[in-house]
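Engineer: one predicted model, sequence on top.
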Number of protein chains: 2
Amino acid sequence: MPRMKAAASPQDGVQSVILAIKLLEAVASSETPKRITDLANQLGTTKARVFRHLRTLAQSGYIVQDPETERYYSGPQLVLLGQRIVENLSLVNEARSEMVKLCAELGHSVGLSQMVGERLYTVDVARGSTPFSITTLRGTEQIFHATALGKVALAFGPDSLAAKILAGPLQALTSETVTDPQKLRREIFQIAERGWAQSPNQLNPGINALAAPIFDARGRFAGAIAILDTLHLLSEKPTQGQIEATCRAAREISRRLGYTASHRPLPKRTAKRP
Amino acid sequence: MPRMKAAASPQDGVQSVILAIKLLEAVASSETPKRITDLANQLGTTKARVFRHLRTLAQSGYIVQDPETERYYSGPQLVLLGQRIVENLSLVNEARSEMVKLCAELGHSVGLSQMVGERLYTVDVARGSTPFSITTLRGTEQIFHATALGKVALAFGPDSLAAKILAGPLQALTSETVTDPQKLRREIFQIAERGWAQSPNQLNPGINALAAPIFDARGRFAGAIAILDTLHLLSEKPTQGQIEATCRAAREISRRLGYTASHRPLPKRTAKRP
DNA sequence: CATTTTGGTTTCGATCAACGAAACAGATGA
DNA sequence: TCATCTGTTTCGTTGATCGAAACCAAAATG
C-alpha cells in the first residue's frame, strides 16, 4: 500500500468538519452555556454558519439548546462517546481491577497510561481516599521527561522515542525537572534496570509519582501504571511496600494482556549511548 | 427573541458534519481499528469521501491512523473533550467528594445523575469495592420509570415531566418493572413523602438501587445520587444506615449547590392525580 | 407607550468546497 | 508473473454550503 506522504495537500481538511470540531471544543470548554453571536465572533465566522452547524450538532445530541435562555451547551452524547472509547481499550479493561486493588491497598491515587503512536496518554484513573485527591484527567498527554509514567516509557518503549526526546529541548516545568539530556539518559538507564521510575517535584512541586511498565502479548511496551500522591505520603525514597505493590500490579496487568516473561528476556539496550 | 419552532427545515443539517459524526461514532464503537473500505460500505458512501473526512479528523487528533496497519482508531482528543465537559458540570464537582465518601462508607457503587432538559443523564460514577463492580457508563440516559434515579426525578422534578411519563407507555425491562401508570403514580407519591426511591429487579434482575434527590440554589430539582448493588447487599428492605447515608449525601450536595431548606418548604404536590 | 437595540432564525442566489469516478501505487498472494 | 487487494491522489462537475440581508420577538431604553 502507498508509502507516499500526504505532501502539502491542496486544500487540507473538510472545512465544515473543522468548524464543527471547533464549535464542539468551544462549547465543551466553557463553563457556562454559549451564545451564537459570541461563538461566531470567537471563531471568526458568521452567525448564520454557526447557527446551521449548531443545529446539526444538536440533531445528533452533541449540543443542547436551553429552551429558556436559547443558549447552547454540551449534550451528553459527547461524554458517552468518550466513555465508549475508553471502554473499548483493552488495556483499560484488563487493568481496572488491579488499579482498584492498588488504590485500596496503598490509598494513593492510581493512573494508567497507554502508548498511542508516539505519544503517551492517561487512559484511566482511580481516585485515592484522601479528601482532595490528586489525579490527572483522562485523555491528557504525559510529558515524557517530567513524569514517572513518561520516563518509564522512555526506558522501556522503542529506542527511537527515547532518542527523539533526548535530542529535543527538555522544558523545565518546575525547578527540579530534569533538563540535562545526559542526566536524563543516566536516569533512564537506571529505570530500565530497577524496573520503576519516580518524579519527585518534577511536574508539580510537592507531588511525586511511582510508575512501572506494562507489556502486551507481543512483548512490546504497552503503557504504564503509577501511584500518585504528595511527597509527604510518597517520599523520594519510596517504601519497599509502595515499590513492590506498583510493580506487582504492572506485572499482573501484563500477564493478563498475554505477556509472558519469555517475550522480553532482558531490558533491551541497543545503542542508547552515543 | 424568536419563538418560532424550526418547522420542517428545508434541507436539515450540514451533510459533512453528519458524516463526520457518524464516522466518529463508528470508529469509537468498534473495539478494533477500522479500515477505510469497511467504513465506506458501512456508512454507504465512497472511499474517497471517507478518506477525506478521516484525514480531517486525524488532523485534529480525534482519529489516529496506525502507521503499520494503516487502520484508523479513536484518538484521545475525544476522551479529553468528554472529560472537560464533565469537569465543567458544577454538580459533578460539588458532588465528587460526597460520592467518594458514600462509596467508602457503604462499599456500594455510587451514581450521580443530572437533569438535562427533559432527560436524566448519568454524569459521574464511583466504583464500589467489590471485585466486579456494577456501574453504568457516564453519559447514559436514565429510564424514568425503571430506575431509582429516574423515579426520584419523577417525584421531585417538574410536574410536566411526571405527567408526560405517566401518559406514555411504560416499557417492561424485567418482569418486575412497574408498567401500570396507577401503581407508578402511587409509588411516586410515596417517594415524594419519604424522600428516597429504590428499584429492585426493575432494570436488571438481581440488582437494586437507592436514590435521593439533589436541589440547586433556586430550589429546583437538579439531579440525584444513588447507591447501586446486588440485591444480596442492597435488599428490598434497605437498612436504615443505607437510607440515611444516601439521603445525607444528597442533602450535603444540595447544600453545597446553595440550596437551603427554605427554598422548598414542602414536597410540591399540585395536581398529580386526575 | 413608542422606539431602539439585541440576538436568534430564515431566505436566497452565487460560488467554490466537497463530491464521485477513475486512475494510481504499493502490498499480498496465487 | 499476474491478479487483486486497499489506501491515496487527481480532476472536472455540481449542488451543498455560504454570507448578506431580511425578519422576528423580546428586552432595554427613552
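Structural biologist: Great, that's in hand.
Engineer: quick check: the residue of chain A nearest chain B.
Structural biologist: Closest residue of chain A to chain B, C-beta to the nearest C-beta: A:Gly82 (2.6 Å). In this view, the C-beta of every residue, glycine as well, is placed from N, C-alpha and C.
Engineer: now the residue of chain A most remote from its centre: which helix or strand?
Structural biologist: Largest separation from the mean C-alpha position in chain A: A:Glu68, at 38.0 Å (C-alpha atoms, centre = their mean). Secondary structure from DSSP states H and E places A:Glu68 outside every helix and strand.
Engineer: got it, and A:Leu112?
Structural biologist: Using DSSP H and E, A:Leu112 falls in strand A:109-116.
Engineer: quick one: that strand near chain B?
Structural biologist: Yes: Strand A:109-116 reaches chain B (C-beta under 8 Å from any C-beta of the partner chain) through A:Val116.
Engineer: who does that strand touch, helix- and strand-wise?
Structural biologist: In this structure, strand A:109-116 makes packing contacts with helix A:90-106, strand A:119-126, helix A:148-156, strand A:221-230, judged by 3 or more C-beta pairs under 8 Å, 6 or more residues apart in numbering or on different chains; DSSP states H and E.
Engineer: and the second one, what's buried?
Structural biologist: With burial defined by 16 or more other C-beta atoms under 10 Å in any protein chain shown, the residues of strand A:119-126 counted as buried are A:Arg119, A:Leu120, A:Tyr121, A:Thr122, A:Val123, A:Asp124, A:Val125, A:Ala126.
Engineer: next: the first one.
Structural biologist: With burial defined by 16+ other C-beta under 10 Å, the residues of helix A:90-106 counted as buried are A:90-92, A:94-103, A:105-106.
Engineer: tell me which of those residues is nearest to DNA strand C?
Structural biologist: Proximity of these to DNA strand C was ranked by C-beta to the nearest atom of the strand; the top entry is A:Ser90 with 23.6 Å.
Engineer: so how far is B:Leu80 from the closest one?
Structural biologist: From A:Ser90 over to B:Leu80 the distance is 20 Å, taken as C-beta to C-beta, to the nearest Å.
Engineer: that older thread, verify the stated contact: the residue of chain A closest to chain B with B:Gly82.
Structural biologist: Yes: using C-beta atoms under 8 Å, A:Gly82 is in contact with B:Gly82, at 2.6 Å.
Engineer: give the residues shared as contacts by the two.
Structural biologist: A:Gly139, B:Gly139 (C-beta atoms under 8 Å, 6 or more residues apart in numbering or on different chains).
Engineer: tell me how far the residue farthest from the centre of chain A lies from A:Ser30.
Structural biologist: For A:Glu68, the distance to A:Ser30 - C-beta to C-beta - is 18 Å.
Engineer: that older thread, just list the residues touching the residue of chain A closest to chain B, thanks.
Structural biologist: By C-beta under 8 Å, 6+ apart, the neighbours of A:Gly82 are A:Arg138, A:Gly139, B:Leu78, B:Val79, B:Leu80, B:Leu81, B:Gly82, B:Gln83, B:Gly139.
Engineer: give the contact list for the fourth one.
Structural biologist: Listed by C-beta under 8 Å, 6+ apart, the contact set of B:Val79 reads A:Gly82, A:Ile85, A:Val86, A:Tyr121, A:Val123, A:Arg138, A:Gly139.
Engineer: contacting residues for A:Leu54?
Structural biologist: A:Leu23, A:Ile36, A:Leu39, A:Ile63, A:Gln65, A:Tyr72.
Engineer: with adjacent residues omitted, what lies nearest to the third one?
Structural biologist: On the basis of C-beta to C-beta, 6 or more residues apart in numbering or on different chains, the spatially nearest residue to A:Leu39 that is not a chain neighbour turns out to be A:Val50, at 5.1 Å.
Engineer: then the fourth one?
Structural biologist: Sequence neighbours aside, A:Leu57 is the residue nearest to A:Ile63 in space, at 4.1 Å (criterion: C-beta to C-beta, 6+ apart).
Engineer: is it true that the one you found touches A:Leu23?
Structural biologist: Yes: contact criterion C-beta under 8 Å: A:Leu57 and A:Leu23 qualify, at 6.7 Å.
Engineer: so what sits against both of those two?
Structural biologist: A:Ile63.
Engineer: tell me which stretches of the stretch 151-274 of chain A form helices.
Structural biologist: Under the criterion DSSP state H, counting those that start in this stretch, the stretch 151-274 of chain A contains helices at A:159-167, A:181-194, A:240-256.
Engineer: check those for me and report the most buried one.
Structural biologist: Comparing the helices of the stretch 151-274 of chain A by mean neighbour count (mean count of other C-beta atoms under 10 Å in any protein chain shown), helix A:240-256 ranks first with a mean of 19.
Engineer: and chain A, split by domain according to the record?
Structural biologist: A:15-79, A:89-263 (automatic domain parsing).
Engineer: save those as a markdown table, and put in distance to B:Arg185 too.
Structural biologist: Output for these, formatted as a markdown table (distance: least, C-beta to C-beta, whole Å):
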| stretch | distance to B:Arg185 |
| --- | --- |
| domain A:15-79 | 26 |
| domain A:89-263 | 39 |
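Engineer: returning to that earlier point: between the contacts of B:Val79, which is closest to DNA strand C?
Structural biologist: Out of the contacts of B:Val79, the member with the shortest distance to DNA strand C (by C-beta to the nearest atom of the strand) is A:Ile85, at 23.8 Å.
Engineer: for that closest one, give me phi and psi.
Structural biologist: Backbone torsions of A:Ile85, given as degrees, to the nearest 10, read phi -60, psi -50.
Engineer: let me know whether it touches B:Ala28 as I believe.
Structural biologist: Yes: if you go by C-beta under 8 Å, A:Ile85 and B:Ala28 touch, sitting 4.8 Å apart.
Engineer: could I get the helices of the stretch 151-274 of chain A as JSON lines with mean pLDDT?
Structural biologist: JSON lines is the format used below for those (pLDDT from 0 to 100):
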{"stretch": "helix A:159-167", "mean pLDDT": "92"}
{"stretch": "helix A:181-194", "mean pLDDT": "95"}
{"stretch": "helix A:240-256", "mean pLDDT": "95"}
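Engineer: which residue, other than its chain neighbours, is closest to the residue in the stretch 51-200 of chain A positioned nearest to DNA strand D?
Structural biologist: Relative to DNA strand D, the nearest point of the stretch 51-200 of chain A is A:Arg52 (5.2 Å; C-beta to the nearest atom of the strand). Nearest residue to A:Arg52, sequence neighbours excluded (C-beta to C-beta, 6+ apart): B:Val14, at 5.9 Å.
Engineer: no further queries at this time; thank you.
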